[in-house]
Every structure is written in structure tokens, then in C-alpha cells.
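**Student:** Model the following, please.
(one chain, ligands or ions: 1)
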Amino acid sequence: MSSATNETGSRDPATDDSVAPVISTNEIEMHFSGCDALRGVNLAVRRGTVFALLGENGAGKTTLIRILTGFQPPSSGTARVCGMDPTRQALEIRRRIGYVSDSPTMYDWMKVDEIGWFTAGFYPDGYLEGYRDLIGRYELPPTRRIRELSKGQRAKVALSLALAHDPELLILDEPTSGLDPLVRREFLESMIDRAATGRTVLLSSHQISEVERVADEIAIVHQGRVQLTGVLADLRQSISEVTVKLHDPLTTLPSLTQPSQILSEQTSGRQRRMIVRDLTPENEALLSSSYGVFDVAHRSASLEELFVACTRGVDATKAIAAEHEAAPAPPVQGVTP
Ligand SMILES: Nc1ncnc2c1ncn2[C@@H]1O[C@H](COP(=O)(O)OP(=O)(O)OP(=O)(O)O)[C@@H](O)[C@H]1O
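**Tutor:** Below is the predicted model of the structure:
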């Protein structure tokens, strides 16, 4: 019996590389002076997936990636990347994975071919061939100096350097900024192909359409917290936009029962619009039969609506609560403030 199987013959996630998450974090906190960049981040990235960290500017995406790649020790909490601890095995992690930061620094006096040859010295045999193949595919001029390249061409050099050893895990911080739409599309498709061959891609982005196109799983990060994480297709199915038409805009609606959860709520005239997770027929019936309600309709929410609910929902919820304070209203369920 292999060490990856237990007494019953089934796979043991603690020792089996093919089952254990490629990346896991446990209660990661990052406090800079005057700024809590990350607050209790728990994530698990499964092998063979494209996992997207989706968040606005300043949400904490780069900070998390810097912690995972060992450039920044967290204030507290732990992480594992390819089975290693980034605070103690940063160099090994960086050798094993591919990583492109949001502002890659390169020796810009080197020529495109030279930088590949130079970097190959840090990797096993086969790196230079892989690099040359990639710069060929990206149509990069091998004899041009890095400083003479366009922004998009530099991004392609950085990607070629990260991909040349065909890493099992690729971490990309805002990977497509600087790429033109055609190359961006090709690049995103190549990420899907990588995942199909069992490799894993973690990327950060604030572009919803981009994430929607490539990601299998997402984590929506807002103000240093993971507001929502899961398989994109499941999240899409479980989130609905519910529109409740009211006789009186000040009507107080009943709290929904478990497992339904209101992520955001907005009132416009006599219409209340809510983004609800796991809407059950019972809760829909509860709303429909509430005093002052004359119609309830629901449809699947888009990723954009979900994102807005997670990043603006708290404020929207607070606004509603304040609006109802005079009423007085029952507590509104919402995402973690
Ligand atoms: N070295 C640092 N010192 C102090 N504050 C920092 C430092 N690094 C990051 N921060 C702060 O931490 C927060 C998260 O920043 P981070 O760069 O992780 O966000 P992000 O989601 O990657 O944003 P963007 O999409 O704009 O790149 C921000 O408020 C930022 O100002």
C-alpha cells in the first residue's frame, strides 16, 4: 500500500499530493502600520484548477501573493505552498513554481535571449529550450534589450521566464495588464489548458470578465477579508437576485431562515432588490406571504452582481438598517463586516 493510502485503501489528503491543496492558508493576518492588509484569510486551492483572487485596488491580493511566495512574512497565521512553508522555504518554493509579480523587475540592459540564458542557471536542464520556445510563440525579438521593449512585450518576457520550466503552480499578479486584447485572450485560454493538464494557476485580478472567462474557483477579497469563496459554477447557481415589490417602501421584511443569506439589499422606490445566497422555496414563500408585499421575482445573479454585493453589500446593508432604524426593523443578515 502506498503512503498516500490509508488502512481502508482510500487516499489520505494529509500525505497524498494529488489530493492535498496546492495552496492552503490558515488565519493569515497582515498588519502594516496603520493598515490591516489581511484579516483571517483561509483559502484552499485545489490542484488542476484556475483559482482567481478577485478584489478591488487595495483589497489585499498582492499582499497575500507576496506571503505565499515568501517575500513577506505574515503577522500571524500559516500557509503551505506545494507542501512547503513560505516563511522557511521561500527559495525552494520560488524555484518550483512560476511567479509573475504585478511589477516585474528585470535586468533591463540584458537582451531578451540573454535574460533567459541567465535565468536558466537557476533551474534544471530544459529551461532555456522552454524559454526560447515561449519567446518564439510570443514573437519577441531575441536580440532586443529589455529596456527597449514595449510594456506588453516586457510582460510577455516575464511570463516566458515564469513558464519556461513548466511549473506545477503558476502564480500571477494581475497577469494581463499591458497585454493587447488578442494576446490577453490567447493567454487566458492557455491558462485553462494548463489546468486541464493538472497544473494549477493562481491569479489575481480586478477584471470580472477575465475571471469569469478562466476561473474554476474564486475568492472575492474585500478590505483584507475573503468575503466569499467557492467553485464559480456553484456560486453562480446558488446566488439569486430577488426583487420584492412593496405597497409601502418602508415595509419591514422578515429575516430569512437558514441556509438563505442576504448578501446585499437596496431599496429603490417601492422595489427592494436583494442578492441572496441559497434562496429556498420556503424563504421565497415567506417573502411572498409577508404583509405589504405584492410580488416576488428572482433570477440568477451575475458574477458582477455577486462582486458588488460582496464589496458594497455591507454599506448597502448598513444603509438599509439605518433607514429602518426609525421603523424599527429586524436585524438584517449580511456578509461579515
Ligand atoms: N509595505 C506596506 N506598507 C504599508 N501598507 C502596505 C504595504 N503593502 C501593502 N500595503 C497596504 O495594504 C493594503 C493592500 O494592498 P495590496 O497591494 O495587497 O492590494 P491589492 O489588492 O493587490 O491592490 P491592487 O489591485 O491595487 O494591486 C493597501 O491598503 C496597501 O496600501
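**Student:** Which parts of the stretch 151-300 of the chain are helices?
**Tutor:** According to DSSP state H, counting those that start in this stretch, the stretch 151-300 of the chain carries its helices in the segments 151-163, 181-196, 208-214, 232-238, 281-288.
**Student:** need the strands for the protein, in chain order.
**Tutor:** Under the criterion DSSP state E, strands of the chain are mapped to 23-32, 35-45, 50-55, 76-81, 98-100, 169-173, 200-205, 217-222, 225-231, 239-246, 261-268, 271-277, 293-300.
**Student:** circling back to that earlier point, mean pLDDT lowest where, among the helices of the stretch 151-300 of the chain?
**Tutor:** Among these, helix 181-196 has the lowest mean pLDDT, at a mean of 84.
**Student:** So which elements touch that helix?
**Tutor:** Contacts defined by 3 or more C-beta pairs under 8 Å, 6 or more residues apart in numbering; DSSP states H and E place helix 181-196 against strand 50-55, helix 151-163, strand 200-205, helix 208-214. Any C-beta I mention is one placed from the backbone N, CA and C, and that applies to glycine too.
**Student:** Buried residues in stretch 114-129, which are they?
**Tutor:** Within stretch 114-129, the residues that count as buried by 16 or more other C-beta atoms under 10 Å are 115-116, 119-120, 123, 127-128.
**Student:** actually stretch 22-35, not the one I wrote
**Tutor:** Counting neighbours by 16+ other C-beta under 10 Å, one finds that the buried residues in stretch 22-35 are 22-25, 28, 30.
**Student:** quick one, which of the strands of the chain is nearest to R312?
**Tutor:** With distances scored as C-beta to C-beta, the stretch of these nearest to R312 is strand 261-268 (6.6 Å).
**Student:** now the angle between strand 225-231 and that closest one, please.
**Tutor:** Direction vectors for strand 261-268 and strand 225-231, defined by axes from the mean of the first three to the mean of the last three C-alpha atoms, to 10 degrees, enclose an angle of 110 degrees.
**Student:** okay, among the buried residues of stretch 114-129, which ones form the most distant pair?
**Tutor:** The distance between the two most remote of the buried residues of stretch 114-129 (C-beta to C-beta) is 13.0 Å, for I115 and Y123.
**Student:** Compute the number of surrounding residues for the closest residue in space to D108 that isn't next to it in sequence.
**Tutor:** Taking C-beta to C-beta, 6 or more residues apart in numbering as the measure, D108 lies nearest to R147, with 3.8 Å between them; neighbours along the chain are not counted. R147: 11 surrounding residues under other C-beta atoms under 10 Å.
**Student:** Could I get the buried residues of stretch 114-129 in CSV, plus columns for distance to the ligand?
**Tutor:** Conversion of the buried residues of stretch 114-129 to CSV gives the following (distance: C-beta to the nearest ligand atom, whole Å):
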residue, distance to the ligand
I115, 25
G116, 27
T119, 25
A120, 30
Y123, 27
Y127, 29
L128, 32
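**Student:** what sits against the nearest residue to K151 once chain neighbours are set aside?
**Tutor:** With C-beta to C-beta, 6+ apart as the criterion, K151 has its nearest non-adjacent residue at 4.3 Å, and that residue is G178. Residues near G178 by C-beta atoms under 8 Å, 6 or more residues apart in numbering: 151-152, 154-155.
**Student:** Narrow those to just the buried residues.
**Tutor:** A residue is treated as buried here by neighbour count (16+ other C-beta under 10 Å); on that basis the buried members of these are 154-155.
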